[in-house]
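>>> Got a sequence here, can you build the structure:
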Amino acid sequence: MTHLIFALGVFLLVFASALAGIWISRYLPEHHLSDESAAAIKLSIGLVATIAALVLGLLISSAKASFDTVNNDLVHNAANMIRLDSALAQYGPETHGLRATLKSNYSDWIDLLASRDGTREARLDSPEIIGRMEEFQHSIAALAPATDAQHALRARALLIADDVFAARSLALLQRGGSVPKTVMFVLVFWLAIIFGTFGVLAPHNGTIVVAFLTCALCASGAVFLILEMDTPLDGVVRVSIGAMREALARLGG
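Numbers count the residues shown, from 1 in each chain. Have a look, this model is predicted:
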């Protein structure tokens, strides 16, 4: 919701800047809007528009990279959960309780990621969940292998469990996004200047106003997508947890 409100604010600011430009142009002396003046203004604002386009492209690329990184972490986590369950299953029937705990904790984790509860943010890395993770690792370490094969399987399970919890922690650390807010505000300021200049140079008719309205919607939509992809665990544009649910269905216990 915060991202939608911010994008709506960007739309209103950019569109208002275009309308303000149209209004200002009515009161400017005629020689300020001569062909020579208009050409100079177009060259200047063209430079700003080019810089803004480059920054916009970089922000979209950065946000997409954050989105893909978290998505890959969760998919990798799901694959490791299956590997961990398999290692415990091969160890022997004494790990049945551990496998049931693993499946229960993973189900709770998936439900928490899918939830839109207002307290979800605090619960994602709560001491209770971290304590469960540590307790599970201690339970694996406390296994008493009787054969060389069980020794190897316990060591393998501990390594996989460490990878599982490391991937989880990495995904949580990246949930806040990587796009600097200052850069976003500067970009919005540039967009307002660009649209204001367009308004000054544009003819005064309804078609131009509709065109500015459409372009302002597109610009604010791009800002909305950047903010949404930059926070892949929240909002409308979220990473898919389909792989995690599929992994959960394949777990024993």
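
>>> Could you say which helix or strand holds residue 166?
Using DSSP states H and E, residue 166 maps to helix 148-173.

>>> The following helix or strand past that helix: how far from the chain's middle?
For helix 148-173, the following helix or strand on the C-terminal side (DSSP H and E) is helix 181-201. Averaging C-alpha positions (C-alpha atoms, centre = their mean, to the nearest Å) puts helix 181-201 24 Å from its chain's average.

>>> what sits up against helix 181-201?
Residues from elsewhere that reach helix 181-201 (C-beta atoms under 8 Å, 6 or more residues apart in numbering): 10, 13-15, 17-25, 28, 33, 38, 41-42, 45, 48-49, 51-52, 55-56, 59, 212, 215-216, 219, 223, 226-227. Backbone N, C-alpha and C define where each C-beta goes, glycine included.

>>> May I see the buried residues of the helix holding residue 166?
Neighbour counts using 16 or more other C-beta atoms under 10 Å place 150, 153-154, 156-158, 160-161, 163-165, 167-168, 171 of helix 148-173 among the buried residues.

>>> Quick check: mean pLDDT of stretch 95-113?
Taken as a whole, stretch 95-113 has a mean pLDDT of 85.

>>> In it, which of the residues would be classed as buried?
95, 98, 99, 101, 102, 103, 105, 106, 109, 110, 113.

>>> Walking through the stretch 1-150 of the chain, point out its helices one by one.
2-25, 35-91, 96-114, 120-124, 127-141, 148-173 (DSSP state H, counting those that start in this stretch).

>>> Could you save these as a markdown table and add columns showing distance to residue 187?
Below are those laid out as a markdown table (distance: least, C-beta to C-beta, whole Å):
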| stretch | distance to residue 187 |
| --- | --- |
| helix 2-25 | 9 |
| helix 35-91 | 5 |
| helix 96-114 | 30 |
| helix 120-124 | 26 |
| helix 127-141 | 36 |
| helix 148-173 | 25 |
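
>>> which one of the ones you listed has the lowest average pLDDT?
Minimum mean pLDDT among the helices of the stretch 1-150 of the chain: helix 120-124, a mean of 60.

>>> quick one: low-confidence ranges for the stretch 151-253 of the chain?
Applying pLDDT under 70 to the stretch 151-253 of the chain flags residues 173-177, 253.

>>> what's the spacing between the closest residue in space to residue 91 that isn't next to it in sequence and residue 41?
Distances taken as C-beta to C-beta, 6 or more residues apart in numbering place residue 153 nearest to residue 91, at 4.5 Å, with adjacent residues excluded. To residue 41, residue 153 is 72 Å away according to C-beta to C-beta, to the nearest Å.

>>> same check, this time on residue 55
Applying C-beta to C-beta to residue 55 and residue 41 gives a distance of 21 Å.

>>> Not counting sequence-adjacent ones, nearest residue to residue 89?
With C-beta to C-beta, 6+ apart as the criterion, residue 89 has its nearest non-adjacent residue at 5.7 Å, and that residue is residue 252.

>>> nope, residue 26 is what I was after
residue 204 is the one closest to residue 26 (C-beta to C-beta, 6+ apart), at 7.4 Å.

>>> Buried subset of the contacts of helix 181-201, written for PyMOL?
Here is the PyMOL command that picks out the buried ones among these, judged by 16+ other C-beta under 10 Å:
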select buried, resi 10+13+14+15+17+18+19+21+22+25+41+45+49+52+56+59+212+215+216+219+223+226+227
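
>>> Much appreciated, bye for now.
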